[in-house]
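**Student:** Generate a structure from the sequence data that follows.
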Amino acid sequence: MSFLPFAIAAWLFLVGLYGVVSADNLIRAILSLTVVQSATYLVLLGVGYSQGGKAPIFADIPQTSKAVDPVVQVLVLTDIVIEATVTALLLALAVQAYKRFGSLDPQDLRAIQD
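**Tutor:** Numbering: from 1, shown residues only. From the prediction side, this is the model:
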């Protein structure tokens, strides 16, 4: 098992988290959240990877061959679908916030709390 995917995932998580914290625009914050989410892909793929593993299609490989874990691949695909849905929802909310307040600056949206 290699340490590299987990190190890159941690780096992506920290870069995305910094982007979310320092964002002065809702669109930039949403894009930073997608970077944070992409770190989970690397973690899942790093967990499911096996050195020398074949694709989990068992019709054309011998029974004794190593194969990568298909459950992890399904989890990554599910994660991608969830990320696309959440990103679309957040972008729709950003559009509505722009229509209502005329700005995408999170500081200008403080009027919601008043």
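
**Student:** Check which helices and strands the helix ranked longest in the chain sits against.
**Tutor:** As assigned by DSSP state H, the longest helix anywhere in the chain is helix 70-101. Counting contacts by 3 or more CB pairs under 8 Å, 6 or more residues apart in numbering; DSSP states H and E, helix 70-101 is packed against helix 26-48. (Glycine included, C-beta is placed from N, CA and C.)

**Student:** Centre of the chain to the helix it packs on, how far?
**Tutor:** Taking CA atoms, centre = their mean, to the nearest Å, one finds the center of helix 26-48 at 3 Å from the center of the full chain.

**Student:** Just the angle for it relative to helix 70-101, thanks.
**Tutor:** Counting by axes from the mean of the first three to the mean of the last three CA atoms, to 10 degrees, helix 26-48 lies at 170 degrees to helix 70-101.

**Student:** Can you list the buried residues in helix 26-48?
**Tutor:** Neighbour-count burial for helix 26-48, counted by 16 or more other CB atoms under 10 Å, picks out 26, 29-33, 35-46, 48.

**Student:** ok, the closest residue in space to Ala94 that isn't next to it in sequence to Leu90 distance?
**Tutor:** Nearest residue to Ala94, sequence neighbours excluded (CB to CB, 6 or more residues apart in numbering): Leu26, at 4.4 Å. For Leu26, the distance to Leu90 equals 8 Å [CB to CB, to the nearest Å].

**Student:** So for those two, which residues contact both of them?
**Tutor:** Taking CB atoms under 8 Å, 6 or more residues apart in numbering as the criterion, Leu26 and Leu90 do not both touch any residue.

**Student:** nearest residue to Leu104 other than its sequence neighbours?
**Tutor:** Leu104 sits nearest to Leu26 (CB to CB, 6+ apart), 4.5 Å away.

**Student:** Spit out the contact partners of the one you found.
**Tutor:** Here Leu26 is in contact with 94, 97, 104-106 (CB under 8 Å, 6+ apart).
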